[in-house]
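A.B. asks: for reference, the sequence and a predicted model appear below.
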Amino acid sequence: MRASLSVSLVPLFLLLTACGERADVSLYVALDQEHSQALVRRFEQQSGLAVKTRFDTEASKTVGLVSAIVEEAGRPRCDVFWNNELAHTVRLAQKGLLAPYDSPSAAKIPAQWRDAKGMWVGFAARARVLIVNKDLLPDPKDWPTSMFDLVDPKWQGRCGLARPLTGTTLTHLTAVSLLLGEERFGKFVDGIFSNEVVLLQSNGATMKQVAEGKLAWAFTDTDDYHVAKTKGHPVACVFPDQGEGQIGTMLIPNSVALIKGGPDPVGAKKLIDKILDAETEALLAAAAGAQIPLRPGVRGPLDVSIPPIGKFRALAWDVAWTGENLARCSQDFGKRFGL
């Protein structure tokens, strides 16, 4: 089993000694506190910055911090936003709430994950995968291989999906709605209901249902899958839609951005440089969340079931369109998937 995050992140913070005078930098963090708190704490201990951190809650799933940034626009309290996904960060940029910053630490991150105007940078991604219970499905030949298996009658009532109201499932289905087109996507959603897909409140809940043998398989994120595996549950991971002509597996990176008008822009830029350091991606890959580095040459998760960039077919999704349409799709999905 991997060492705890608090241990694995120690080398990063031994490097963080080049900051200037002590200052208060306000950081909003949507990455799960269990995965990010140790990193932030040691950054504070080893640098000249005092980082005031506000974490998101499991219930609000990023939306809480995004809403706070919007509400505080007239008098920003946040300097840096470290989001655990990308679309909501893009939406903040489209609202004019972010400031440009071209961090030197981002130079080797692929251009598709860097805003052309410097408003945000993506790093350390999760993949949207299928988690399979190996006790219920012992033969890999029987495992699902596509997101469209959700609507295959073969799996009626035996598979699950988080309600696409927040988090990565909202981002995923918003992006897929453009890719499929309105008519085909509508039929896909209809199929989810007619096939009695079990709808749950979070990716953690879908993972738990599969880990406990209540479902044969479900959509989740690689971090949730990896947690289940390291706890000894009989689970496997499938990167969906890898065949010729298929849409591929969706990657959803973390993102970091400078808040426009934040109280400490100088300290904020130093913090962003450290968050975007290649060492951060490597340590997040080695930690419990098993994040996938976006940079070439950075070692990915030791778990061989989570391959590195370039070793799987990645879904090509329109980041700008997804961010622009996230709120509309959330309302639309709420009418269909809400309680």
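C.D. replies: Now that the structure is in, tell me what you want to look at. Numbers count the residues shown, from 1 in each chain.

A.B. asks: which parts of the stretch 1-150 of the chain are strands?
C.D. replies: Ranges of strands in the stretch 1-150 of the chain, per DSSP state E, counting those that start in this stretch, are 23-29, 49-55, 80-83, 98-99, 121-133.

A.B. asks: and whatever helix or strand L173 lives in, what's buried?
C.D. replies: Assigned by DSSP states H and E, L173 belongs to helix 167-180. Of the residues in helix 167-180, G167, T168, T169, L170, T171, H172, L173, T174, A175, V176, S177, L180 count as buried by neighbour count, 16 or more other CB atoms under 10 Å. Bear in mind the C-beta positions are built from the backbone N, C-alpha and C, glycine included.

A.B. asks: how about residues contacting that helix?
C.D. replies: With CB atoms under 8 Å, 6 or more residues apart in numbering as the test, helix 167-180 has contacts from 61-62, 85-88, 126, 128, 147, 161-164, 185, 188, 202-203, 219, 221, 247, 250, 252, 315, 317-318, 321-322, 325-326, 329-330, 333.

A.B. asks: buried ones among those residues?
C.D. replies: Buried, going by 16+ other CB under 10 Å: 61-62, 85-88, 126, 128, 147, 161-164, 188, 202-203, 219, 221, 247, 250, 252, 315, 317, 322, 325-326, 329-330, 333, out of these.

A.B. asks: for R328, identify the helix or strand it belongs to.
C.D. replies: R328 belongs to helix 319-337, assigned by DSSP H and E.

A.B. asks: any idea of the angle that helix forms with strand 121-133?
C.D. replies: Inter-element angle recorded for helix 319-337 and strand 121-133: 40 degrees (by axes from the mean of the first three to the mean of the last three CA atoms, to 10 degrees).

A.B. asks: for the residue nearest to A127 when sequence neighbours are not counted, grab the count of nearby residues.
C.D. replies: For A127, ignoring the flanking residues on the chain, the nearest one in space by CB to CB, 6 or more residues apart in numbering is T222 at 4.7 Å. By the criterion of other CB atoms under 10 Å, T222 has 27 neighbours.

A.B. asks: again, but for G118
C.D. replies: 17.

A.B. asks: closest to the centroid, which residue in the protein?
C.D. replies: E85 (4.0 Å; CA atoms, centre = their mean).

A.B. asks: ok, V63 touching A87?
C.D. replies: No - assessed by CB atoms under 8 Å, V63 is found out of contact with A87, at 11.2 Å.

A.B. asks: got the contact list for the helix holding R328?
C.D. replies: Taking CB under 8 Å, 6+ apart as the rule, helix 319-337 contacts 86-91, 93-94, 112, 163-166, 170-171, 173-175, 177-178, 189, 193, 199.

A.B. asks: just stretch 84-95 next, same as before
C.D. replies: 30-32, 56, 62-63, 66, 69-70, 73, 81, 83, 98, 113, 115, 117, 119-120, 122, 126, 167-168, 170-171, 174-175, 252-255, 257, 319-320, 322-324, 326-327.

A.B. asks: kindly report the same for stretch 114-124.
C.D. replies: With CB under 8 Å, 6+ apart, stretch 114-124 has contacts from 86, 89-90, 93, 98-103, 106, 109, 113, 253-257, 275-276, 280-281, 284-285, 291-295.

A.B. asks: sorry, back to before: go through the next helix or strand after the helix holding L173 and flag the buried ones.
C.D. replies: Later in the chain than helix 167-180, the nearest helix or strand by DSSP H and E is helix 182-194. Within helix 182-194, the residues that count as buried by 16+ other CB under 10 Å are F188, V189, I192.

A.B. asks: need the pLDDT of the residue lying closest to the last one once chain neighbours are set aside.
C.D. replies: Counting by CB to CB, 6+ apart, I192 lies nearest to L150, which is 5.8 Å off, once chain neighbours are set aside. At L150, the predicted lDDT confidence score is 98.
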